[in-house]
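Peer 1: give me a 3D structure for the following:
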Amino acid sequence: MAETVSLPQGSSSSPDTPTALDGTPSKASRPVRVPPAPQLPAAPPAPVAGTSIGRSIRLFQACRREQVDPAGFYSLLAADSVHQLSQFTSLAGSVVLDVGGGPGYFRAAFQRAGARYFWVEPDISEMSAGGIVKPGRVLGSALDMPFATASVDICYSSNVLEHVPDPWRMCAEMVRVTRPGGVVFLSFTNWLSPWGGHETSPWHYLGGHRAALRYERRTGVAPKNLYGTSLFPVSVADALAWANGRSDIQVVEAMPRYLPSWAKPILRIPGVREVLTWNLAMVFRKR
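Peer 2: Prediction:
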């Protein structure tokens, strides 16, 4: 997924340049306007495990292999995301924008469910990493998305919020581009969770900079997710406070994303939720 939010400069119009929805090279100064969605036949979501402890184990196992098998992890996570989103809205015929969609690993799962999938990504090298050269790629920043206001039905983001320096601006942008009545799905790895430091975990509990230095001493290279540059501390408490303080959205659901549904009461316990939630998922409906 995306690790930075800076827009590359001097993009060309070569055949490999990511394009806007109308087929032209995307530019931050030119808002993308999504055409009305045609009626598409409904498609069943890809098979995923149920909301059980078995599902959690499979997701955690895949997460541990993410850096060596990103396609495997993100394909499983994409199918699981479609399953989760389908509980709150219909995907068939909906325009879905994936914020920080990287190379587009989630594209196939959403299209199988009948959605019209587009993704915005700030890093052109990250966008090209999976070799997915398909329509729907838009080069742009999560903090200032090149999309018109109220232009998508579903705005989705998975494990990107902790990688941007201004997370609440990104959240506000996701709400802005969503149509009234549309759904925003946002999930992120909170800093005090066991995986909060990503590859430097669990040493991030001693401090992000200290964990990064230890990782570099041990491996000889700097971590991909560098604290203060491409990895930032975001808390469950701050995310819930931001959501509950907005008058333009209704909070439909908040849950520990990778845990079974019976673990939701964890979110009611300050302190404990910062460690045990692991990854917070929130679902909003735009008023």
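Peer 1: any weak-confidence spans in the stretch 101-250 of the chain?
Peer 2: For the stretch 101-250 of the chain, the stretches with pLDDT under 70 are 127-134.
Peer 1: can I assume Gly181 is in contact with Phe284?
Peer 2: No: Gly181 is beyond contact range of Phe284, at 11.5 Å (criterion: CB atoms under 8 Å). Backbone N, C-alpha and C define where each C-beta goes, glycine included.
Peer 1: ok, these two, which is more surrounded?
Peer 2: Using other CB atoms under 10 Å as the criterion, Gly181 and Phe284 rank with Phe284 on top: 25 against 11.
Peer 1: give the contact list for that one.
Peer 2: Shown in contact with Phe284 (CB atoms under 8 Å, 6 or more residues apart in numbering): 175, 183-184, 186, 243, 246, 249-252.
Peer 1: repeat that for Ala78.
Peer 2: By CB under 8 Å, 6+ apart, Ala78 lies in contact with 46, 105-106, 108-110.
Peer 1: need the contacts of Phe284 in a markdown table with neighbour count, can you?
Peer 2: Output for the contacts of Phe284, formatted as a markdown table (neighbours: other CB atoms under 10 Å):
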| residue | neighbour count |
| --- | --- |
| Val175 | 20 |
| Val183 | 24 |
| Val184 | 25 |
| Leu186 | 24 |
| Ala243 | 20 |
| Arg246 | 16 |
| Ile249 | 21 |
| Gln250 | 12 |
| Val251 | 14 |
| Val252 | 15 |
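Peer 1: which of the residues you listed sits closest to Leu213?
Peer 2: Taking CB to CB as the measure, Leu213 lies nearest Leu186 of the contacts of Phe284, at 31.0 Å.
Peer 1: work out for me the element that closest one sits within.
Peer 2: strand 178-189 (DSSP states H and E).
Peer 1: give me the mean pLDDT for the longest helix seen in the chain.
Peer 2: Longest helix in the chain, counting residues (DSSP state H): helix 70-85. Average pLDDT, helix 70-85: 84.
Peer 1: re the thing from before, so how far is the strand holding Leu186 from its chain's centroid?
Peer 2: Centroid separation for strand 178-189 versus its chain: 10 Å, with CA atoms, centre = their mean, to the nearest Å.
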